[in-house]
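Participant: The following comprises the amino acid sequence and a computationally predicted model.
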Amino acid sequence: MRVGVYFCSCGTNVSDRVSFETVNEELGKNPSVAFVKNCEFLCSEEGKDFLREDVKREKPDRVVIAACSPREHEKTFMQVVSEAGVNPYFMQMVNIREHVAWVTPDPEQATNKACAQIRAAVARVPLHEPLERKELQACPDALVIGAGPAGLKCALMLAEGGRKVTLVEKSPVLGGLPVRFGELAPAMECAPCILEPILAEALHGDHSRHIEVVTQGEVTEVVGYYGNFTAKVRQTPRYVNTELCIGCAECILPCPASVKDEFSYGLDERKAISFPFAGGLPNAPFLDFNACLRSKGQDCHLCRDACPVEGAINFDEREKTLEYKVGAVVVAIGSSVFDCAKIPALGYGSIPGVYTSLEVERLLASNGPTKGRIYTPGGQPPERVVIIHCVGSLDSEYCPYCSGVCCQSAFKFNRVIRHHLPGTKFYHLYKALAVPGKDEFNLLQKVQRDPDSTFIPYRQSSELKVTRPNGSIVVEYGRGVEAPGKIEADIVVLCAALGPAAGSERLAQTLDIPLDRFGFFEELHGRTDSARSRLKGVYLAGACQAPMDLQQSVSQGIAASGYILAGLAEGKRLPIDPVVAFVNSDRCSGCKTCHSVCPYKAIGYVLNEKGERAEVNALLCQGCGTCVAACPSGAIKGHHFTNDQIFAEIEAVLQ
């Protein structure tokens with residue numbers, strides 16, 4: 001078998017340390033080496049032309065290229081070799097730049113090392129198999145889980161690209177948390193006003209025909225792989241037909257049943273049939289069956305009697321399961337706020353007037369329970385407001401990370417309350433101040449310049465205590481450290497850490513993707529691939545992956561849509577890299593060891609006459625070889641990295 005070796009001197013990057021003449025002389029002793037040729041820059045256009053034409057002329061059976069990192073140019077040279085008529089998997093690349101020349105100062109040692117590595121490649125390349133890439137027809141449609149800003153923007157981008165999108169939202173209303181807010185930091189813009197155009201476009205815009213919105217839905221099952229997923233969605237009944245309903249609200253007033261309003265965090269009450277909040281979309285109420293008198297056996301139909309549209313309210317509606325074929329899944333379920341009751345000393349849940357940041361957001365919203373005004377538990381405007389930053393954050397017992405957005409909320413509250421109540425005094429207790437971004441720092445400066453705003457640092461939550469001894473709230477700080485003090489307050493605002501959304505663990509199990517150590521969905525790479533999960537075809541958008549603000553969430557939604565639009569283009573077939581694992585079913589015992597160690601969830605099982613046997617999904621497999629090493633019966637083979645090939649390399653290096 002004739003092996004052709006091409007040596008790239010890479011200018012002086014390689015030639016300063018590795019002697020081509022010595023390499024040529026050493027390889028000349030190897031009977032398998034037909035020729036050794038040098039090129040100064042093999043990756044340049046001239047170098048690629050030389051390689052292509054020389055392979056055509058010399059017709060080697062196998063090709064070894066000694067150059068730089070395969071990560072950088074292996075695909076380049078595989079394409080050139082293929083164009084020259086040689087199977088690209090008959091090529092082996094040796095890294096003599098990063099692995100040898102750049103890390104070995106002594107030229108003699110570097111040359112000897114390069115010779116050994118090239119000799120190893122020459123020994124393994126005759127054992128290469130003529131692998132061929134296959135292609136698979138893929139579904140271009142997508143499932144987006146969560147209709148907050150990230151999910152909405154992702155769905156819109158996909159719809160604009162002509163894709164069919166199923167947008168699943170667990171609540172009766174779209175928009176996520178920001179549509180419940182009044183204003184957004186740092187520019188103090190109206191939150192519903194910012195999101196309304198996106199919501200309107202998704203529901204009624206030019207591309208809305210490509211988006212199927214499923215409210216009150218939960219993804220219960222996802223099976224398959226990238227390009228070919230089957231998803232099941234359980235939809236609980238709304239009992240109100242959103243297509244027939246005209247949003248007149250006539251059904252709400254007669255309803256005799258009331259419950260705490262979860263959309264205002266229990267600060268108000270709503271009827272059993274109600275809008276989630278004013279301005280929410282879809283513009284139709286929903287009926288909470290558990291709150292309805294009908295759930296208690298009473299034949300109440302006052303809401304239906306008051307409805308002017310026949311059939312808009314249907315008590316006979318039942319839960320249903322919907323099934324969709326999609327090529328990709330986007331997780332955009334957002335985040336949740338740290339449970340401040342876990343730190344009893346802060347008084348949340350036991351002392352009236354102690355609020356979380358989300359509760360204050362609703363109080364300050366024009367469609368909230370107090371129509372945008374904030375009051376003390378006694379109904380008076382507050383004169384002294386204590387804002388405690390970093391509740392749960394930067395704390396090894398709870399959330400050791402910084403959520404980044406909490407400080408912006410704190411400064412926003414300062415500005416909004418100051419606008420309504422000019423004489424109010426503010427006290428900011430903080431561990432650290434996080435204000436990244438070109439506009440965000442401006443808001444901090446405005447608050448710091450406010451003569452009625454005081455900043456007091458603290459280190460741990462144990463230094464704080466909130467009590468109500470004589471009708472007025474007292475916040476003690478610095479307990480047990482230097483310069484302790486206390487503040488009398490009318491209300492206390494707890495700006496808490498952002499954590500994983502409720503249901504993250506269940507959804508992660510459904511999708512078979514991992515969570516990180518904090519409970520967020522784990523990205524493929526935190527810096528370069530934060531919108532991709534560990535499972536190919538499942539993408540992440542927004543605060544489900546990490547704490548982030550509206551801008552970051554929307555950007556990540558766009559990034560996720562970009563991956564899908566590029567990878568699942570209409571009519572495009574998915575190439576399957578043949579460098580994957582393969583199971584010899586005759587040797588497989590069905591022990592499932594391989595399944596437990598596979599990091600890409602690429603191994604399933606098929607039933608044959610001998611029982612369950614492992615099978616590798618080539619579309620999901622990344623060729624890491626973990627299953628090959630773990631298989632106790634040696635039934636799994638790693639294409640392009642077989643035991644024979646690896647042993648041949650080792651033996652050649654040791655010669």
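Facilitator: That came in fine, so what should we check first?
Participant: Any stretches of this protein with poor pLDDT?
Facilitator: Within the chain, the stretches falling below the threshold (pLDDT under 70) are 480-482.
Participant: Could you chop it up by domain?
Facilitator: Per the record's domain assignment (automatic domain parsing), the chain is made up of the domains 3-127, 142-232+319-334+501-567, 237-318, 337-500, 577-639.
Participant: Relative to residue 645, which of those domains is closest?
Facilitator: In this view, these are compared for proximity to residue 645 by CB to CB, and domain 3-127 is the closest at 4.5 Å. For every residue, glycine as well, the C-beta is placed using N, CA and C.
Participant: Endpoint to endpoint, that closest one covers what distance?
Facilitator: Using CA to CA, to the nearest Å, the end-to-end distance of domain 3-127 comes out at 12 Å.
Participant: picking that back up, of the domains of the chain, flag the one that's most buried.
Facilitator: Neighbour counts (mean count of other CB atoms under 10 Å) averaged over each of the domains of the chain peak at domain 142-232+319-334+501-567, with a mean of 20.
Participant: Would you mind measuring the gap between the ends of that one?
Facilitator: The first and final residues of domain 142-232+319-334+501-567 sit 12 Å from each other (CA to CA).
Participant: Just give me how far that domain sits from the chain centre.
Facilitator: Using CA atoms, centre = their mean, to the nearest Å, we find the averaged C-alpha position of domain 142-232+319-334+501-567 to lie 9 Å away from the chain's own average C-alpha position.
Participant: got the domains of the chain as a markdown table, with distance to residue 649 columns?
Facilitator: Output for the domains of the chain, formatted as a markdown table (distance: least, CB to CB, whole Å):
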| stretch | distance to residue 649 |
| --- | --- |
| domain 3-127 | 4 |
| domain 142-232+319-334+501-567 | 29 |
| domain 237-318 | 62 |
| domain 337-500 | 43 |
| domain 577-639 | 14 |
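Participant: can you tell me which of these comes nearest to residue 655?
Facilitator: Nearest to residue 655, of all the domains of the chain, is domain 3-127, at 6.7 Å by CB to CB.
Participant: still on that earlier bit, closest to residue 654 out of the domains of the chain?
Facilitator: domain 3-127 (8.5 Å).
Participant: rewinding a little: minimum distance to residue 647: which of the domains of the chain has it?
Facilitator: domain 3-127 (8.8 Å).
Participant: wait, is residue 108 part of a helix?
Facilitator: Yes. According to DSSP: H, G, I helix; E, B strand; the rest coil, residue 108 belongs to a helix.
Participant: For residue 149, see how far away it is.
Facilitator: As defined by CB to CB, to the nearest Å, residue 108 lies at a distance of 61 Å from residue 149.
Participant: can you tell me the distance between the two ends of stretch 594-611?
Facilitator: 16 Å.
Participant: Assign residue 16 to helix, strand or coil.
Facilitator: Taken by three-state DSSP, the conformation at residue 16 corresponds to coil.
Participant: what residues does the host helix or strand of residue 156 touch?
Facilitator: Assigned by DSSP states H and E, residue 156 belongs to helix 149-160. The contact list for helix 149-160, computed with CB atoms under 8 Å, 6 or more residues apart in numbering, reads 142, 144-145, 147, 165, 167, 169, 174-176, 178, 195, 198-199, 201-202, 205, 207-208, 210-211, 330, 332-334, 541-543, 550, 553-554, 556-558, 560-562, 564-565.
Participant: now do 7 Å
Facilitator: 142, 144, 165, 167, 174, 176, 178, 195, 198-199, 201-202, 207, 210-211, 330, 332, 541-542, 550, 553-554, 556-558, 560-561, 564-565 (CB atoms under 7 Å, 6 or more residues apart in numbering).
Participant: Would you quantify the distance from the one residue sitting closest to the centre of the chain to residue 533?
Facilitator: Geometric centre of the chain, nearest residue: residue 540, 2.5 Å, by CA atoms, centre = their mean. For residue 540, the distance to residue 533 under the criterion CB to CB works out to 5 Å.
Participant: Check residue 123 too.
Facilitator: The value you get for residue 123 to residue 533, if CB to CB is used, is 39 Å.
Participant: Check residue 265 too.
Facilitator: Taking CB to CB as the criterion, residue 265 is separated from residue 533 by 30 Å.
Participant: If residue 575 is in a bridge, with which residues?
Facilitator: Note on residue 575: beta-bridge partners by DSSP bridges are residue 135.
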